[in-house]
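**Q** what would the 3D arrangement of this be:
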Amino acid sequence: MTSSPWRIIFYGSPTFAIPSLEQLLQGPDEVVAVVTQPDRARGRGRKVIPCPVKELALRHGLNVLQPEKVREEGFQNKIEGLQPDLFVVVAYGQILPGSLLQIPRYGAVNVHASLLPEYRGAAPIAWAVLKGERLTGVTTMVMDEGMDTGDILLQAELPIGGEEMNETLRDQLALLGAQLLTKTLREMKAGNLRPVPQDHSKATYAPPLKKEDGRIDWNKEAKEIDRRVRALNPWPGTFTRWNGRLLKIFGGTVREGASRGKAGMVSWVGSDFVEVETGKDTFLIKEVQLEGKKRMSVREFLAGHPISAGTIFG
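**A** All right, here's what the predicted structure looks like:
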């Protein structure tokens, strides 16, 4: 492969993709276009706003494309006209068809937030936390038409702490992925990389999360509830019911010890926590958001919304 600058088309949409695009913009290659998901209505006001990658691309004066479907012939003709050497794909949100993948001279490289073949799919970071993994990482791979099934180029590992939030872990993996992408492109140009096929028999999956996945089952062990709270923060968030209203839970800790009552029952109310019985041990809620209200600490919440021992959540 040539060592001269490549013409790169970047595909990405969420915050996770930002460090990789920034790294490309600081490198020797030319980003000739950025492809992101179409603008969507977001938040309580349903205001139409661009995704984080589009915002960054516009600040740098880059050519932005937002096809509803990448299979559209008109879009593929535009891509072909840009004469790309390489696609770089980071959390874009659509699977690229073979007709598109065959356009760039050197194919397509994907940055995925897991140690493939583990956790293929849309939500690898959340599922790694949900399953209680102690190690995760990022993978660069050669893209094919499957869902994260391409040959592996490079991998980098990252330990998961016992109190790691999805959001924090996402930011760490995003930076690690950007660094790995830079190394991957350098090694590709030098001809030093030999793609390694994945062992498909060891594949596990990370399907998209739904709002209902955030419902807390207090009959589960406190450690499992804690993992769910951390894994689904900030989206879709975990929740329970209190006084007929939805109460989101954003943070807490596990207190080990014998359960003293019914799962979901408040056993103790401290100055900055609410202790709730679970299937095993108790969970201390420390950060909440009542529907229609702002997110706040339990100390702030209790000042206006008294909760007494014996209250049942759920």
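
**Q** which SS state does the closest residue to Leu82 other than its chain neighbours fall under?
**A** Computed as Cβ to Cβ, 6 or more residues apart in numbering, the closest residue to Leu82 that is not its neighbour in sequence is Val32, at 5.1 Å. Bear in mind the C-beta positions are built from the backbone N, C-alpha and C, glycine included. Here Val32 is recorded as strand under DSSP: H, G, I helix; E, B strand; the rest coil.

**Q** report how many residues lie close to Val32.
**A** Val32 is flanked by 17 other residues according to other Cβ atoms under 10 Å.

**Q** who are the contact partners of it?
**A** 7-9, 63, 82, 84 (Cβ atoms under 8 Å, 6 or more residues apart in numbering).

**Q** just the buried subset of those residues, please.
**A** Among the contacts of Val32, those buried by neighbour count (16 or more other Cβ atoms under 10 Å) are 7-9, 84.

**Q** pipe the residues you listed into JSON lines and attach pLDDT and secondary structure per row.
**A** JSON lines is the format used below for the buried ones among the contacts of Val32 (pLDDT from 0 to 100; DSSP: H, G, I helix; E, B strand; the rest coil):
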{"residue": "Arg7", "pLDDT": "98", "secondary structure": "strand"}
{"residue": "Ile8", "pLDDT": "98", "secondary structure": "strand"}
{"residue": "Ile9", "pLDDT": "98", "secondary structure": "strand"}
{"residue": "Pro84", "pLDDT": "98", "secondary structure": "coil"}
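
**Q** Glu30 against Ile9, yeah?
**A** No - counting by Cβ atoms under 8 Å, Glu30 does not reach Ile9; the two are 10.2 Å apart.

**Q** circling back to that earlier point, for Val89, see how far away the residue nearest to Leu82 is.
**A** Remark: distance between Val32 and Val89 (Cβ to Cβ, to the nearest Å) = 15 Å.

**Q** rewinding a little: which one of the contacts of Val32 is nearest to Leu96?
**A** Taking Cβ to Cβ as the measure, Leu96 lies nearest Ile9 of those, at 10.6 Å.

**Q** how close does the closest one sit to Glu133?
**A** Distance, Ile9 to Glu133, by Cβ to Cβ: 33 Å.

**Q** where exactly do the helices run in the stretch 1-150 of the chain?
**A** Counting by DSSP state H, counting those that start in this stretch, one finds helices in the stretch 1-150 of the chain at the ranges 18-26, 52-59, 73-81, 98-101, 124-130.

**Q** so which of the ones you listed comes closest to Leu185?
**A** Per Cβ to Cβ, nearest to Leu185 of the helices of the stretch 1-150 of the chain: helix 18-26, 8.4 Å.

**Q** for the protein, name the helix or strand with the lowest mean pLDDT.
**A** Least confident helix or strand of the chain, by mean pLDDT, DSSP states H and E, is strand 40-42 with a mean of 78.

**Q** so what strands line up beside that one?
**A** strand 47-49 (antiparallel) (DSSP bridges).

**Q** next secondary structure after the longest strand anywhere in the chain?
**A** Of all the elements of type strand in the chain, the one with the most residues (DSSP state E) is strand 245-255. Where DSSP states H and E defines the elements, the next helix or strand beyond strand 245-255 is strand 266-269.

**Q** for that following strand, packing partners?
**A** Other elements packing on strand 266-269 under the criterion 3 or more Cβ pairs under 8 Å, 6 or more residues apart in numbering; DSSP states H and E are strand 274-277.

**Q** need the CA coordinates for the helix or strand just after the strand it packs on. CSV is fine.
**A** Following strand 274-277 in sequence order, the next helix or strand is strand 282-290 (DSSP H and E). This file holds the C-alpha atoms of strand 282-290, laid out as CSV (Å, rounded to 0.1, in the frame of the first residue of the first chain):
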residue,chain,number,x,y,z
THR,A,282,-29.7,-4.2,49.8
PHE,A,283,-29.3,-1.4,47.4
LEU,A,284,-28.6,2.2,48.5
ILE,A,285,-30.1,4.6,46.1
LYS,A,286,-28.1,7.9,45.9
GLU,A,287,-29.2,9.7,42.7
VAL,A,288,-32.7,10.0,41.2
GLN,A,289,-35.0,11.8,38.9
LEU,A,290,-38.8,11.9,39.4
